[in-house]
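Peer 1: output the structure for:
(one chain, ligands or ions: 1)
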Amino acid sequence: MTTETAWPRTLIVGGGIAGLTAAVALRGLGAVVEVAEQTPAFGVVGSGVTIQANANAVLSALGITLGDDDAVPIGSFTMIDERGRPVLHGDAREIMVDPPSVNVHRADLHRVLLEAADGVPLRPGVAVTGVTPVGDEVEVAFDDGSAGRWDLVVGADGVRSAVRRALLGEAGSRTRYSGQTCWRFAIEAPDLVPTATIEQWAVGRRMGAVPLARGRIYVYLVASAPPGTPGPGSSEPAALAERFGGHHEVLDRIFERLDGVAIHHGDLVEHVDVSFGAGRVVLIGDAAHAMTPNLGQGAGSAIEDAGALALELLAHSDDPTAIAAGLDARRRARVTFMQRTAWRIGAMGHWRNPVARWLRNAMLRMVPQSVSDKQTVQLWQPGLELAAALREAGYPRPLPASAA
Ligand SMILES: Cc1cc2nc3c(=O)[nH]c(=O)nc-3n(C[C@H](O)[C@H](O)[C@H](O)COP(=O)(O)OP(=O)(O)OC[C@H]3O[C@@H](n4cnc5c(N)ncnc54)[C@H](O)[C@@H]3O)c2cc1C
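Peer 2: Model (predicted):
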């Protein structure tokens, strides 16, 4: 079948989680696809990410496996208040899904995706600066002065997407700041790796410690902060210890070992509008619907988008202009729900009013495990169904002979 189909020649802009997963998915169809990435080495920030079961199922359907050396099944999750008292406890091991939700170092995830995309032409070190539909093609300009034309362009270039700006302008690319800013890093500290993911909610702050493979810990530290604050010095180990220390023994010990650890700082934002693009320019992942990270599904939804993109391309191989609308119909409700839920969790986590916080924690303590398990499985369900649809469509598809 694939040899008879005239697949649109496709450029994917951005070699992050969305772009590389899409490259694997489209390559599986036999489509002519290449990836342009602005960083010279397809590099990533050295922290962690949780890939929940919905996204891991899609990866698995596409033939991408996060092995035991790289990924740690989530196991249990404990949320504690500012004094270390348990608020919520979950045990993902009791929700039987294969493959399970996992924690993974971003560099490991990236390596696995790059290996899976073997055979796809990758063009590192070039940033896309312009995207212009011209008749039945899209002209793409790069920052090295070169240009080219493709039948279909997929913008997978993150929250500050140049593809999105070219298509929708600044007005259509607006983000809103959540009022929360975040520091994150991964550190090798085998003696401190927690047995469960821990998240602590203190006043105006949240801190998380997530076990990673090979003796590493992924730490995220979130604080309420006015826009544009705090300044660059806030990532210094002493400044982090001062802002977030004194609540949890493991974190306090980690703060003592931060010299030389790369710390990434950024504000938590979401797109004001969801857009999957228009015509021959498609948007996926954070370029389409950046969300705050409080549900742990930004990367998950990017992976789902990539799988859905392949199904839309299969359905509309003769008319690439229908793909963006098809993705919108398939994905908008799902990602909007995720965006809203993540935003709500973040806001609730930073309540300052002591009565509201007491009531919040009391109510969370009363949620039976069976109820939270059910909600989790409901959250995953559309991703599990997408994975099943990919398998029905013949995935994981072997590498086409031309790319092997
Ligand atoms: C603190 C924090 C914690 C998070 N934790 C989780 C989690 O646990 N689980 C989860 O599912 N999600 C999580 N997320 C969200 C997740 O990181 C993102 O949703 C995900 O990385 C989006 O992937 P992407 O490929 O769409 O975009 P990106 O990861 O931003 O990748 C975009 C790529 O495009 C490249 N690029 C950009 N502009 C250009 C250009 N002009 N030309 C060429 N290339 C370009 C970039 O260099 C980059 O490689 C978290 C986010 C944050 C901020």
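Peer 1: whichever residue of the stretch 1-150 of the chain sits closest to the ligand: what's it in contact with?
Peer 2: Minimum separation of the stretch 1-150 of the chain from the ligand (C-beta to the nearest ligand atom) falls at Gly16, amounting to 2.3 Å. (Glycine included, C-beta is placed from N, CA and C.) Shown in contact with Gly16 (C-beta atoms under 8 Å, 6 or more residues apart in numbering): Glu37, Val44, Ala156, Asp157, Gly158, Gly285, Asp286, Ala302.
Peer 1: is the ligand within reach of the helix or strand harbouring the last one?
Peer 2: Using DSSP states H and E, the element containing Ala302 is helix 298-315. Yes - with C-beta under 6 Å from any ligand atom as the measure, helix 298-315 is seen reaching the ligand through Gly298, Ala299, Gly300, Ala302.
Peer 1: related to what we said a few turns ago, the residue of the stretch 1-150 of the chain closest to the ligand and Gln52: what is the separation?
Peer 2: Gly16 sits 18 Å away from Gln52, going by C-beta to C-beta, to the nearest Å.
Peer 1: let's have the contacts of Gly16 in JSON lines, adding pLDDT.
Peer 2: Formatted as JSON lines, those follow (pLDDT from 0 to 100):
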{"residue": "Glu37", "pLDDT": "97"}
{"residue": "Val44", "pLDDT": "69"}
{"residue": "Ala156", "pLDDT": "98"}
{"residue": "Asp157", "pLDDT": "98"}
{"residue": "Gly158", "pLDDT": "98"}
{"residue": "Gly285", "pLDDT": "99"}
{"residue": "Asp286", "pLDDT": "98"}
{"residue": "Ala302", "pLDDT": "98"}
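Peer 1: now, which of those lie within strands?
Peer 2: Counting by DSSP state E, these place Glu37 in strands.
Peer 1: nearest to Ser178 among the contacts of Gly16?
Peer 2: Among the contacts of Gly16, Asp286 lies closest to Ser178 (C-beta to C-beta), at 14.5 Å.
Peer 1: who touches the residue nearest to Val367 when sequence neighbours are not counted in this structure?
Peer 2: Among residues not flanking Val367 along the chain, Leu88 sits closest, at 6.9 Å (C-beta to C-beta, 6 or more residues apart in numbering). Contact analysis of Leu88 by C-beta under 8 Å, 6+ apart lists Phe77, Thr78, Met79, Leu364, Arg365, Val367, Ser372.
Peer 1: where along the stretch 101-250 of the chain do the strands fall?
Peer 2: Counting by DSSP state E, counting those that start in this stretch, one finds strands in the stretch 101-250 of the chain at the ranges 102-105, 122-124, 128-134, 137-142, 147-150, 152-155, 175-188, 197-202, 205-212, 216-224.
Peer 1: can you check the stretch 251-400 of the chain too?
Peer 2: Under DSSP E, counting those that start in this stretch, the stretch 251-400 of the chain gives strands at 264-271, 277-278, 281-283.
Peer 1: what lines up beside the shortest one in the sheet?
Peer 2: Under the criterion DSSP bridges, strand 277-278 sits next to strand 281-283 (antiparallel) in its sheet.
Peer 1: need the residues that contact the strand it pairs with.
Peer 2: Here strand 281-283 has contacts from 131, 133, 138, 152-156, 161, 163-164, 166-167, 275-277, 309, 323-324, 327, using C-beta under 8 Å, 6+ apart.
Peer 1: residues of the stretch 101-250 of the chain that sit close to the ligand?
Peer 2: Ala127, Val128, Ala156, Asp157, Gly158, Ala162, Cys182, Arg184, Tyr220.
Peer 1: could you give the bridge partners of the last one?
Peer 2: Which is Tyr220. According to DSSP bridges, beta-bridge pairing links Tyr220 with Arg184, Gly208.
Peer 1: tell me, how many residues neighbour the closest residue to the ligand within the stretch 301-404 of the chain?
Peer 2: At 4.2 Å from the ligand, Ala302 is the closest residue in the stretch 301-404 of the chain, using C-beta to the nearest ligand atom. Ala302: 27 surrounding residues under other C-beta atoms under 10 Å.
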